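Peer 1: can't give you the sequence, but here's the structure:
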């Protein structure tokens, strides 16, 4: 299993505080069946700045430590960048890092409470440059929850999205859990990842999430999300289904879990 969103690098953001905690997270990831993690430290979110080359150095150091401790987990380089107007310019200046440095996929984090007006144009410009923007945890964005047609339009125009395993399992509350399932049903999301920050409060929950996903949507859904993570790591085109607008009505039985 591949986890494409994780704050496992030590001492760089609000994830692992030090190398010991990174190793603890790695051991837990292996227990959950995770073999590969893309380390995605926060960047340009008003608190943390982690540029491309710095991330490469930290990933190399963590991989060396895991190898020395015989922990069978591979760490790849990535970045979780908060949306801002100069992302494309900074990408061209080698400050922004695509996922696994493939030059294909780029994480975009929106503010938690709203979607900036320039989002649609920026995501379009990124695609013109050959990048596929991946909106992280849209199920936790208040404006998208209130008006999911915003996300529908962005996905229809070519953006991808990633929801959080803990959202599916209910660790962010019933409302976000319900909305996460609606996004899956409407083909408005393409990846499930942990967004893990530690081993307790914000852990992986990947195995639990995929067990739940398989129960509700079948093995095809499980294959879809796991295969997309593999395709992303390889820099290949991901699978996409035709997006639909989120239905306003409640879906009987779907959220009784």
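Peer 2: Sure thing, it's come through. Since we're looking at a predicted model, the values are computed, not measured.
Peer 1: for residue 191, list each beta-bridge partner.
Peer 2: residue 162 (DSSP bridges).
Peer 1: wouldn't it be in contact with residue 4 here?
Peer 2: Yes - between residue 191 and residue 4 there is a contact under CB atoms under 8 Å: 5.9 Å. Placement of C-beta: from N, CA and C, glycine included.
Peer 1: looking at these two, which is more packed in?
Peer 2: The residue with more neighbours, out of residue 191 and residue 4, is residue 4; 27 against 23, by other CB atoms under 10 Å.
Peer 1: what's near enough to touch that one?
Peer 2: 38, 40, 78, 99, 162, 191, 193, 229, 232-233 (CB atoms under 8 Å, 6 or more residues apart in numbering).
Peer 1: show me the helices in the stretch 151-257 of the chain, by range?
Peer 2: Assigned by DSSP state H, counting those that start in this stretch, the helices in the stretch 151-257 of the chain fall at 165-168, 174-185, 206-217, 219-233.
Peer 1: by neighbours, which of the contacts of residue 4 wins?
Peer 2: Per-residue neighbour counts (other CB under 10 Å) across those peak at residue 40, which has 30 neighbours.
Peer 1: please report the distance of it from residue 173.
Peer 2: 23 Å (CB to CB, to the nearest Å).
Peer 1: one step back: give me the common contacts of residue 191 and residue 4.
Peer 2: Residues within reach of residue 191 and of residue 4 at once, by CB under 8 Å, 6+ apart, are 162, 229, 232.
Peer 1: distance of the last one relative to residue 108?
Peer 2: In this case it means residue 232. 14 Å.
Peer 1: and for the first one?
Peer 2: Distance of residue 162 to residue 108, given as CB to CB: 10 Å.
Peer 1: joint contacts of these two?
Peer 2: 134-136.
Peer 1: buried stuff in the helix of greatest length in the chain?
Peer 2: Assignment by DSSP state H gives helix 52-68 as the longest helix of the chain. Neighbour counts using 16 or more other CB atoms under 10 Å place 52, 54-55, 58-59, 62-63, 65-66 of helix 52-68 among the buried residues.
Peer 1: ok now it, how far from the chain's centre?
Peer 2: 20 Å (CA atoms, centre = their mean, to the nearest Å).
Peer 1: tell me which residues are up against it.
Peer 2: 8-10, 12, 19, 22-23, 26, 39, 41, 73-79, 94-97, 101.
Peer 1: over to stretch 215-228?
Peer 2: The contact list for stretch 215-228 (CB under 8 Å, 6+ apart) reads 1-2, 181, 184, 190-192, 210, 213-214, 238-239, 254, 257.
Peer 1: recalculate using a threshold of 7 Å.
Peer 2: 1, 184, 190-192, 210, 213-214, 238-239, 254 (CB atoms under 7 Å, 6 or more residues apart in numbering).
Peer 1: which stretches in the stretch 1-150 of the chain count as strands?
Peer 2: Taking DSSP state E, counting those that start in this stretch as the test, the strands found in the stretch 1-150 of the chain are 2-6, 36-39, 42-43, 74-77, 80-82, 105-109, 132-136.
Peer 1: return the most buried member of these.
Peer 2: strand 2-6 (a mean of 26; mean count of other CB atoms under 10 Å).
Peer 1: quick one: low-confidence ranges for the stretch 1-150 of the chain?
Peer 2: Applying pLDDT under 70 to the stretch 1-150 of the chain flags no residue at all.
Peer 1: ok, back up a step: where neighbours are concerned, which of the contacts of stretch 215-228 has the most?
Peer 2: Busiest of those [other CB under 10 Å] is residue 192, holding 29 neighbours.
Peer 1: report the contact partners of that one.
Peer 2: Counted by CB under 7 Å, 6+ apart, residue 192 has contacts 163, 165, 168, 209, 225.
Peer 1: would you confirm that the fourth one contacts residue 168?
Peer 2: Yes - with contact defined as CB atoms under 7 Å, residue 209 counts as touching residue 168 (4.4 Å).
Peer 1: distance of residue 70 from residue 30?
Peer 2: Counting by CB to CB - residue 70 and residue 30 are separated by 11 Å.
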